[in-house]
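>>> pasted the sequence and its predicted model underneath.
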Amino acid sequence: MHDDSLVYTIFLIFSGAAVVATLALYARQALLIAYILLGVLLGPSVAGLVSDPDLIQDIAHVGIIFLLFLMGLELNPKELLHLLGKTTSVTLVSSVLFWGAGAAVALLAGFDLRESSLVGAAMLFSSTIIGLKLLPTTVLHHQRTGEIIISILLLQDLIAILLLLVIEGGGGQSQALIEVIKPVLALPLLTAAAAFVVRYLLLRFLRTFDTIHEYIFLLSIGWCLGMAEAAEALGLSSEIGAFIAGITLATNPIALYMAENLKPLRDFFLVMFFFSLGAGFDLSMIGAVILPAAALVVLMMLVKPVVYYQLLKRSGESPQRSREIGVRLAQMSEFSLLIAVLATEKGLLSVPAGYLIQLATVLSFLGSTYLVVMRYPTPIALSDRLRRD
């Protein structure tokens with residue numbers, strides 16, 4: 001039997017993805033949604049051809065790591081620091097508002113205060129993959145838009161890491177406070193160490209062997225994954241480590257070459273990520289949580305654009321850019337899924353509450369993707385005009 005064969009599983013994923021991608025493109029639909037639906041169809045809830053979605057999800061996580069590494073390669077560090085200072089208040093204020101709105105919906109749905117607080121916390125974050133994967137990189141307006149989006153997402157990632165550490169510690173133990181402080185101290189240390197290694201070691205290697213393309217490819221992958229592992233060892237997320245790995249190389253001209261060569265590898269793992277998202281969902285739980293999940297999605301897709309629009313406009317961004325960023329960030333996040341899984345394992349969330357977050361996250365991915373591709377330029381826009389912009 002093929003049940004435990006990784007090769008067979010990858011065959012199913014990519015052969016199936018090729019079919020659904022063809023159908024989706026003819027129908028002018030978003031490919032990300034097609035991959036999620038393929039996961040549902042082939043996963044344990046329907047056909048059962050992929051019986052271990054957790055394994056695929058672990059492998060697919062590499063796609064998010066490469067996505068952040070490539071974003072770091074394409075960002076100017078000085079500009080990023082300026083934007084982080086500018087978007088800190090936007091991120092903090094919006095987080096409080098989103099938490100309150102999400103918790104209120106969960107309370108009205110009958111969940112207790114602790115569960116409602118965690119449901120509200122899952123609403124704070126927007127998807128790194130949706131936000132960045134649907135962003136054009138060929139227009140100056142969207143380069144600036146992308147820089148603002150990544151600065152907001154990075155701050156949200158830091159909040160998510162702190163929240164996950166608190167959940168891991170049981171929500172109130174003294175040890176949890178120590179675990180929260182560790183990443184705050186580790187972040188500047190890791191950044192300084194990465195900058196030192198790049199300046200005195202990596203750049204020397206790159207200058208010496210810059211004509212050997214295979215070496216540059218291997219060095220960039222090793223540096224990315226090495227920093228991801230170093231970040232996890234220090235209590236940070238692998239995504240933040242990958243981003244630091246990228247941005248410390250961003251000022252070197254060879255960074256653009258690295259970015260172009262790693263994009264196919266990133267896309268390989270991202271297809272697996274969206275497939276695993278669909279394959280890991282239990283369809284039998286939908287009936288119990290569909291109404292509050294739909295309410296959360298509608299609320300987020302209405303509230304997030306308005307809140308971001310108002311906060312960004314007050315920070316000095318143009319109304320057009322502020323509105324577009326709000327729409328592009330009008331979904332939940334991969335971190336929302338992590339919160340649901342970890343809090344359920346720790347007994348802080350009931351099974352229905354955990355699936356409420358998971359279903360709301362998936363539905364927000366679907367709704368937000370359609371909203372973006374219908375209104376704004378993306379690589380998979382629904383009209384020829386938007387794809388040309």
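Received it, and whenever you're ready, just let me know what you need.
>>> let's verify residue 281: helix, strand, or coil?
Three-state assignment for residue 281 (DSSP: H, G, I helix; E, B strand; the rest coil): coil.
>>> phi, psi of it?
Listed backbone geometry of residue 281 is phi -90, psi 140, with angles given as degrees, to the nearest 10.
>>> I'd like to know how far it sits from residue 7.
Counting by C-beta to C-beta, to the nearest Å, the gap from residue 281 to residue 7 is 24 Å. Heads up, the C-betas are built off the backbone N, CA and C, glycines and all.
>>> equivalent analysis for residue 200, please.
Separation of residue 200 from residue 7 (C-beta to C-beta): 42 Å.
>>> picking that back up, ok, residue 281 and residue 7, which is more surrounded?
Comparing residue 281 with residue 7 by other C-beta atoms under 10 Å, the one with more neighbours is residue 281, at 23 against 8.
>>> which ones are touching the more buried one?
39, 40, 43, 45, 358, 359, 362 (C-beta atoms under 8 Å, 6 or more residues apart in numbering).
>>> now for residue 356, how many residues are close by?
By the criterion of other C-beta under 10 Å, residue 356 has 28 neighbours.
>>> now residue 283
The local packing of residue 283 (other C-beta under 10 Å) involves 12 other residues.
>>> do the same with residue 234
Per other C-beta under 10 Å, the neighbour tally for residue 234 reads 17.
>>> ok, it touching residue 188?
No - with contact defined as C-beta atoms under 8 Å, residue 234 does not count as touching residue 188 (11.0 Å).
>>> give me the helices and strands touching the host helix or strand of residue 15, please.
For residue 15, the host element (DSSP states H and E) is helix 6-26. If contacts are counted by 3 or more C-beta pairs under 8 Å, 6 or more residues apart in numbering; DSSP states H and E, helix 6-26 sits against helix 31-42, helix 53-73, helix 254-279.
>>> show me what counts as buried in the shortest one.
Which is helix 31-42. For helix 31-42, a neighbour-count test (16 or more other C-beta atoms under 10 Å) marks 31, 32, 33, 34, 35, 36, 37, 38, 39, 40, 41, 42 as buried.
>>> what do you get for the last one?
Applying a neighbour-count criterion of 16+ other C-beta under 10 Å, the buried positions in helix 254-279 are 254-255, 257-259, 262, 265-266, 268-279.
>>> for the protein, where's the lowest mean pLDDT among helices and strands?
None of the helices or strands of the chain scores lower by mean pLDDT, DSSP states H and E than helix 384-388, at a mean of 60.
>>> now the buried residues of helix 31-42 as CSV including pLDDT and distance to residue 249?
Below are the buried residues of helix 31-42 laid out as CSV (pLDDT from 0 to 100; distance: C-beta to C-beta, whole Å):
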residue, pLDDT, distance to residue 249
31, 77, 29
32, 76, 28
33, 77, 33
34, 85, 33
35, 87, 30
36, 83, 32
37, 87, 37
38, 91, 35
39, 88, 33
40, 87, 38
41, 90, 40
42, 89, 38
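>>> which one is residue 343 nearest to, not counting chain neighbours?
Leaving aside its chain neighbours, residue 343 sits nearest to residue 349 (4.1 Å; criterion: C-beta to C-beta, 6 or more residues apart in numbering).
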